[in-house]
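1. Coordinates for the following, if possible.
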Amino acid sequence: MRFLSRRLVMPNDLNYANSLFGGRALEWIDEEAAIYAICQLDTNVLVTKHIGEISFESPAMQGDVVEFGLETKKVGRTSITITCLVRNKITKKTICVADDIVFVSLDAETRQPKPHGKTNSLLEQ
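-> Numbering: from 1, shown residues only. I've put the predicted structure just below:
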């Protein structure tokens with residue numbers, strides 16, 4: 001798994017318990033996974049279709065630096081499935097894991113699914 005990006009947990013990212021709000025973490029995961037998918041498929045015309053199981057393991061607190069590890073699980077004809085692990089940069093403790101994040105490539109004009117032309121060779125990168 002490659003750790004490609006980092007974020008600093010700021011006061012407006014916190015929930016009532018003063019830890020990273022789960023909704024903010026999911027927003028970041030969707031954005032980071034989308035950027036990863038765009039880079040893998042060489043297109044920015046895609047949409048999030050599905051996010052599978054999400055498991056929160058430990059809190060992130062204000063001032064923590066969190067990093068996002070991403071890897072390709074599967075490449076379909078029009079889709080790519082990704083796993084994202086969010087961890088504390090300093091302690092390496094897992095904050096959460098989002099599995100089976102599916103993005104679908106679309107035709108720019110019709111907005112219908114479109115084959116992206118990539119293969120499972122992306123799994124090796």
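2. Paired strands for the helix or strand harbouring I101, with orientation please.
-> Here I101 sits within strand 94-105, counting by DSSP states H and E. In the sheet, strand 94-105 lines up against strand 46-51 (antiparallel), strand 54-56 (antiparallel), strand 79-88 (antiparallel) (DSSP bridges).
3. Output these as JSON lines; include the columns distance to I101 and mean neighbour count.
-> In short, each C-beta sits where N, CA and C put it, glycine included. Shown next, in JSON lines, are the strands paired with strand 94-105 (distance: least, Cβ to Cβ, whole Å; neighbours: other Cβ atoms under 10 Å):
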{"stretch": "strand 46-51", "distance to I101": "5", "mean neighbour count": "15"}
{"stretch": "strand 54-56", "distance to I101": "10", "mean neighbour count": "14"}
{"stretch": "strand 79-88", "distance to I101": "5", "mean neighbour count": "21"}
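4. among those strands, which is nearest V102?
-> strand 46-51 (4.2 Å; Cβ to Cβ).
5. Return the alpha-carbon coordinates of the closest one using CSV.
-> In CSV, the C-alpha atoms belonging to strand 46-51 read as follows (Å, rounded to 0.1, in the frame of the first residue of the first chain):
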residue,chain,number,x,y,z
LEU,A,46,-15.6,9.3,-13.2
VAL,A,47,-18.0,9.0,-10.2
THR,A,48,-18.0,7.2,-6.9
LYS,A,49,-20.4,4.3,-7.2
HIS,A,50,-20.0,2.5,-3.9
ILE,A,51,-18.1,2.6,-0.7
